[in-house]
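>>> sharing a model that was predicted from the sequence below.
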Amino acid sequence: MNNDLRPIIWDDDNKQLILIDQRKLPNSLEYYTCKNYHDVAFAIKNMVVRGAPAIGVSAAYGMALAELHNSSRDYIEKAYNELKNTRPTAVNLFWALDRCIEAYNNKSSIMEEAKRIHKEDIEVCKKIGQIGEKIIDDGDTILTHCNAGALATSAYGTALSVIRFAYYNNKKINVIADETRPRLQGAKLTAFELNYEGIPVKVIPDNTAGFLMKKGMVDKIVVGADRVLRDYTVFNKIGTYSLAVLAKYHNVPFYVTAPYSTFDFKNNIEDITIEERDEKEVIYIDGVRIIPEGVSAYNYAFDATPAELITGIITEKGIIHPNNR
Ligand SMILES: CSC[C@H]1O[C@H](OP(=O)(O)O)[C@H](O)[C@@H]1O
């Protein structure tokens, strides 16, 4: 069992953050070294590291690198603001940054807080898998979207933790991974992770999910989350909402996985910014232009799924059933 994928490594000897460069996967396993908070901000903005928990943990180490360099309030606040402005939708980024600022204000070590956040994330993701695998039956085919795996967290993943623990508990499962245009996290990252660990996985174009549900080839859907509101609206990778609508129509159980660090009890749906990324991510595939010159593209990175479409939200504290209130 190769459960050793760790996208985030704090190198205490050299006081640097080492990240798997997820832009290079699956064809090359390369690392990106962050020596200061600017490097971390670049890595988050450019998706060297991505996934809500992984973004939060990385940002915390960005704050720790800032404190190591210059612990003045002015410098710490500059780091906070640059890291805060990297990506707007995943709430873990702001949750982690706020924990670091609180530590600083309480005259505690930001480095120690970052290490605590990192350690907690590993334990929480493991717990989500141990709790969530109970909804998986022997023989299930599980559809997932984007990458909510070890590469999106400190280890194990969230949606993929559920899948991993079902597999570890000898359930005969098959996984279907939506490729997830335009950044192809499903094709490039989820397929890499599961194949690396020997868990059966097939990739489909995103437009095939409904066809397979209609054919009865999908038993459950398990996805990740970037922000869960108090009314259990779930922000996640673009295409999640479409999957949820199809799942409702075809009576396929639709589960979201989310640590409590991904819950946002303060804001309402209209307060949330859905990230729009550079249209070039749609216009080009691996550097090859696929859309004619002069034609532009929408590139929304997330969408919102209402609670009424969700069977359960799997957390480290148990499973929330939004519609059994
Ligand atoms: C476990 S959080 C994973 C979550 O993050 C992904 O977005 P991105 O790759 O753009 O950071 C996607 O929404 C996943 O569900």
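Everything's here; your move.
>>> only C-alpha atoms from now on, for both contacts and neighbour counts.
Noted.
>>> where does Ile18 fall, phi/psi-wise?
Dihedral angles of Ile18 (phi, psi; degrees, to the nearest 10) stand at phi -110, psi 130.
>>> mind listing what the residue in the stretch 51-200 of the chain that the ligand sits nearest to touches?
Proximity of the stretch 51-200 of the chain to the ligand (CA to the nearest ligand atom) peaks at Gly51, 3.4 Å away. Going by CA atoms under 8 Å, 6 or more residues apart in numbering, Gly51 touches Ala90, Asn147, Ala148, Leu151, Ala152, Thr153, Asp226.
>>> swap the cut-off to 7 Å and go again
Residues counted as contacts of Gly51 (CA atoms under 7 Å, 6 or more residues apart in numbering) are Ala148, Ala152, Thr153.
>>> tell me the domain ranges of the protein?
Under the assignment automatic domain parsing, the domains of the chain span 8-124, 130-324.
>>> centre of the chain to the shortest one, how far?
From the chain centre to the centre of domain 8-124 is a distance of 15 Å (CA atoms, centre = their mean, to the nearest Å).
>>> what do you get for stretch 210-217?
26 Å.
>>> ok, stretch 143-151 next?
Put simply, stretch 143-151 sits 7 Å off its chain's centre (CA atoms, centre = their mean).
>>> endpoints of that stretch, how far apart?
Stretch 143-151 has its terminal residues 18 Å apart, counting by CA to CA, to the nearest Å.
>>> pLDDT averaged over it - what is it?
Averaging pLDDT along stretch 143-151 gives 98.
>>> quick one: that stretch near the ligand?
Yes - on the criterion CA under 6 Å from any ligand atom, stretch 143-151 is in touch with the ligand at Cys146, Asn147, Ala148.
>>> for the second one, what are its contacts?
Meaning Asn147. Gln185, Gly186, Leu189, Thr190.
>>> who are the neighbours in contact with Glu275?
By CA under 7 Å, 6+ apart, Glu275 lies in contact with Arg87, Pro88, Thr89, Tyr300, Ala301, Phe302.
>>> take these and keep only those in strands.
Counting by DSSP state E, these place Phe302 in strands.
>>> please pick the buried ones from the contacts of Glu275.
Buried members of these, scored by 16 or more other CA atoms under 10 Å, are Arg87, Thr89, Tyr300, Ala301, Phe302.
>>> Three-state assignment for the closest residue in space to Glu113 that isn't next to it in sequence, please.
Leaving out its chain neighbours, the residue that sits closest to Glu113 by CA to CA, 6 or more residues apart in numbering is Cys100, at 6.3 Å. Put simply, Cys100 is helix when judged by DSSP: H, G, I helix; E, B strand; the rest coil.
>>> wait, Cys100 touches Glu112, no?
No - applying CA atoms under 7 Å, one finds Cys100 not in contact with Glu112, separated by 9.3 Å.
>>> from Glu193, how far off is Ile128?
In terms of CA to CA, Ile128 sits 18 Å off from Glu193.
>>> between these two, which one's more packed in?
With neighbours defined as other CA atoms under 10 Å, Ile128 and Glu193 compare such that Ile128 has more, 27 against 24.
>>> by contact count, what packs against the helix or strand containing that one?
Assigning secondary structure by DSSP states H and E places Ile128 in helix 110-132. Packed against helix 110-132, as judged by 3 or more CA pairs under 7 Å, 6 or more residues apart in numbering; DSSP states H and E, are the following elements: helix 52-69, helix 91-105, helix 159-168, strand 312-315.
>>> let me see the backbone angles for Gly149.
The phi/psi pair for Gly149 (degrees, to the nearest 10) reads phi -110, psi -160.
>>> looking at it, it is touching Val162, isn't it?
No - the pair Gly149 and Val162 does not pass the contact test of CA under 7 Å, sitting 9.5 Å apart.
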